[in-house]
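Trainee: Predicted model and sequence follow; I will ask about them next.
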Amino acid sequence: MQEDILLYFSPLSNRKFQFYSWKSWYDKFSTQLEKQGIILREGRCQKIHNEYSQKGVDTLITIDLIRNAEKHNNIILVTSDTDFVPAIEDVIRNNKANVTIFFFNDFIRGSRFSMSDHILDVCNKRVLLKRKDFLGSLIKKQDFQNRREYS
């Protein structure tokens, strides 16, 4: 059975800081994903109160989750967002899909990585990611730091 691998991303636009450097990095990043057969689904970024926030990504994930449940028995999500609970419940109930969630939680109440157990309860399988799982990722630390310096 064919598998679909989708990555959801919100590229920043209208940046004042290192626009051409960022554009070059992003073009290389998206080309590498395409070569590996990974489908890049793009939301958008919006600046709100001097902070950039992704928009539209959750909607894309929900649409793809429901559509892909019709053709795939196993779905893997990497998220901690409980907004997906109704969609996960739907694909399990109506499509008999098995949903595995990979998640990160620092177990500090109120932190940006804390999460509700509700999403864990609805998934068929749960995998806790640890900090070491993120080491050696595609994005180098200095690239990540540069991405956060735009305002």
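Mentor: That came through fine.

Trainee: right, and Gly56 touches Arg41 too?
Mentor: No. If you go by C-beta atoms under 8 Å, Gly56 and Arg41 don't touch, sitting 9.4 Å apart. The C-beta positions use only the backbone N, C-alpha and C, and glycine is treated the same way.

Trainee: Next, count neighbours for Asn98.
Mentor: Using other C-beta atoms under 10 Å, Asn98 has 15 other residues around it.

Trainee: nope, Tyr8 is what I meant
Mentor: Neighbours around Tyr8, by other C-beta under 10 Å: 18.

Trainee: In terms of helix, strand or coil, where does it fall?
Mentor: Three-state assignment for Tyr8 (DSSP: H, G, I helix; E, B strand; the rest coil): strand.

Trainee: and it, what does it touch?
Mentor: Tyr8 makes contact with 41-43, 57, 60-61 under the criterion C-beta atoms under 8 Å, 6 or more residues apart in numbering.

Trainee: cool, Ile5 as well?
Mentor: Shown in contact with Ile5 (C-beta under 8 Å, 6+ apart): 36-39.

Trainee: What's the per-residue pLDDT of it here?
Mentor: Per-residue confidence (pLDDT) for Ile5: 78.

Trainee: can you check Arg131 too?
Mentor: Confidence score, pLDDT, at Arg131: 75.

Trainee: Please determine how far it is located from Trp25.
Mentor: Separation of Arg131 from Trp25 (C-beta to C-beta, to the nearest Å) stands at 23 Å.
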